[in-house]
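**Q** Structure, please.
(one chain, ligands or ions: 3)
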Amino acid sequence: MIVDQVTDLPRPPQRPASGHKGTFGRTMLIGGSRGMGGAISLSGMGALRSGAGLVYLVIPKGIADVVAGHSPSYLTIPLPEDDSGRISSITYADLKSQLKDKDSLGLGPGCGQSDHLKELFRNILLHEEKPIVVDADALNMLADMLDVLHEGPVPRVLTPHPGEFSRLANLPIKTIDKHRQQVAAEFADVYDVTLILKGEKTIVTDGHRMYVNPTGNSGMATGGTGDVLTGIISGLLAQGMLAFEAAQLGTYLHGLSGDLAAQELSQPGMISSDLPRYLGKAWQQFYALHDSGKG
Ligand SMILES: NC(=O)C1=CN([C@@H]2O[C@H](COP(=O)(O)OP(=O)(O)OC[C@H]3O[C@@H](n4cnc5c(N)ncnc54)[C@H](O)[C@@H]3O)[C@@H](O)[C@H]2O)[C@@H](O)CC1
Ligand SMILES: Nc1ncnc2c1ncn2[C@@H]1O[C@H](COP(=O)(O)OP(=O)(O)O)[C@@H](O)[C@H]1O
Ligand SMILES: [Mg+2]
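**A** Ligands and ions are numbered 1, 2, ... in the order given. Below is the predicted model:
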């Protein structure tokens, strides 16, 4: 397998002067559960500040008010929940009309795991042709049904940390840490996905190209930072970027937000909700360096 090392960053989504919120895409994020409303709220903030026009959060009804209260900029779609406060009852057929006009999806932040969610995500991955980011508990459930990646339409972006990748690829974390590029590229090639293997120097690969992200710092090793990344990439996909490019730019901007947050707040003093707040500054720096201030 020949894998090209990519260093150049892709062009960001265009922002035509006449653009309206429909121009910049609708992304829908499905997740959250009792005790983990923060995860889907953080993803929503990442999506909003990635430039997406409309951000929909599909959540269990028990956390709907808390999540909606996190930001007035979200649209929320509350669903029935089970005894543990996870999304339940609703089927893929029930959700179809909501999914229809969305440009991208993000599955998993804080959703928990259940047979019901697994079946719902299985159907979405099998049948939805729009780009989908798969993270967190959606990845853990995907580990038991990897066949959907072969059968379903592409593009799919998977965002595991090494613990999640170990479950997906059925490899020990030690092996993953030792051969990060190789195991990530092999998995991406076999399953025809864009894989983001997170951690220090996050890897983005589609099995043919490999990007090693230079931004980020260990101040980002704090709960919820990965949830923000899922939202950023879902938002870039909604704006029409291709999967590998959205993953690459999203990972770069996410790490840069972390670096800018650490500069002002210190590594121990920064938290995941700071990342969306610094994403605006990260965009400014990106445009200044890479796109002559068009943003
Ligand atoms: N505020 C919230 O509501 C939050 C909710 N979260 C949700 O909590 C659920 C569980 O996610 P977690 O990731 O905590 O659980 P996991 O059990 O998947 O991951 C935690 C374990 O993975 C391994 N791991 C993680 N990063 C690693 C690295 N760089 N190198 C080696 N091993 C590594 C470690 O063994 C670690 O204890 C998800 O649904 C997630 O979205 C978390 O995102 C934290 C914040
Ligand atoms: N030491 C580090 N250096 C750079 N980035 C890091 C480091 N530790 C964690 N990160 C980044 O923080 C994020 C953590 O994601 P994840 O483990 O999914 O967190 P959570 O599920 O709590 O949101 C990833 O984007 C990862 O690359
Ligand atoms: Mg995570």
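**Q** List the contacts of the most centrally placed residue in the chain.
**A** Nearest to the geometric centre of the chain sits Thr230, at 1.7 Å (Cα atoms, centre = their mean). By Cβ atoms under 8 Å, 6 or more residues apart in numbering, Thr230 lies in contact with Leu29, Ser43, Gly46, Gly106, Gly108, Pro109, Val133, Asp135, Ala136, Thr159. In short, each C-beta sits where N, CA and C put it, glycine included.
**Q** restrict these to those near ligand 3?
**A** Ala136 (Cβ under 5 Å from the ion).
**Q** and of the contacts of Thr230, the nearest to Leu79?
**A** Nearest to Leu79 among the contacts of Thr230 is Leu29, at 12.9 Å by Cβ to Cβ.
**Q** What separation is there between Asp8 and ligand 3?
**A** Asp8 sits 28 Å away from ligand 3, taking Cβ to the ion, to the nearest Å as the criterion.
**Q** on that earlier part again, mind checking which helix or strand the residue nearest to the centre of the chain is in?
**A** Thr230 is located in helix 225-238, with elements delineated by DSSP states H and E.
**Q** could you check whether the next helix or strand after that helix is close to ligand 1?
**A** Per DSSP H and E, helix 225-238 leads on to helix 243-265 as the next helix or strand towards the C-terminus. No. If you take Cβ under 6 Å from any ligand atom as the test, helix 243-265 misses ligand 1, and the best it gets is 13.8 Å.
**Q** Work out the gap between the helix or strand just after helix 243-265 and the centre of the chain.
**A** Next in sequence after helix 243-265, counting helices and strands by DSSP H and E, comes helix 274-290. In terms of Cα atoms, centre = their mean, to the nearest Å, the centre of helix 274-290 is set 18 Å apart from its chain centre.
**Q** before we move on, back to that, which of the contacts of Thr230 are buried? Put it as a ChimeraX command.
**A** Of the contacts of Thr230, the buried ones can be selected in ChimeraX as follows, counting by 16 or more other Cβ atoms under 10 Å:
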select :29,43,46,106,108,109,133,135,136,159
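**Q** Ligand 2 contacts on this protein?
**A** Counting by Cβ under 6 Å from any ligand atom, the chain comes close to ligand 2 at 136, 161, 198-200, 202, 216-218, 220-221, 223-227, 229.
**Q** the strands in the stretch 1-150 of the chain, which residues?
**A** Using DSSP state E, counting those that start in this stretch, the strands of the stretch 1-150 of the chain run over 4-6, 26-30, 54-60, 75-79, 104-107, 132-134.
**Q** Any chance of a markdown table for the ones you listed, columns distance to ligand 1 and mean pLDDT?
**A** What follows is the strands of the stretch 1-150 of the chain, written out as a markdown table (distance: least, Cβ to the nearest ligand atom, whole Å; pLDDT from 0 to 100):
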| stretch | distance to ligand 1 | mean pLDDT |
| --- | --- | --- |
| strand 4-6 | 22 | 96 |
| strand 26-30 | 11 | 98 |
| strand 54-60 | 12 | 98 |
| strand 75-79 | 16 | 98 |
| strand 104-107 | 11 | 98 |
| strand 132-134 | 12 | 98 |
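**Q** Serialize those strands to JSON lines and add fields for distance to His290.
**A** Shown next, in JSON lines, are those (distance: least, Cβ to Cβ, whole Å):
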{"stretch": "strand 4-6", "distance to His290": "14"}
{"stretch": "strand 26-30", "distance to His290": "23"}
{"stretch": "strand 54-60", "distance to His290": "25"}
{"stretch": "strand 75-79", "distance to His290": "31"}
{"stretch": "strand 104-107", "distance to His290": "23"}
{"stretch": "strand 132-134", "distance to His290": "23"}
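**Q** same question for stretch 222-235, mean pLDDT?
**A** For stretch 222-235, mean pLDDT is 98.
**Q** Identify each buried residue in it, please.
**A** For stretch 222-235, a neighbour-count test (16+ other Cβ under 10 Å) marks 222, 224-235 as buried.
**Q** Spatially, which residue comes closest to the residue in the stretch 1-150 of the chain that ligand 1 sits nearest to, not counting chain neighbours?
**A** Across the stretch 1-150 of the chain, the shortest distance to ligand 1 (Cβ to the nearest ligand atom) belongs to Gly38, at 2.8 Å. Closest residue to Gly38 apart from its sequence neighbours, by Cβ to Cβ, 6 or more residues apart in numbering: Gly224 at 6.0 Å.
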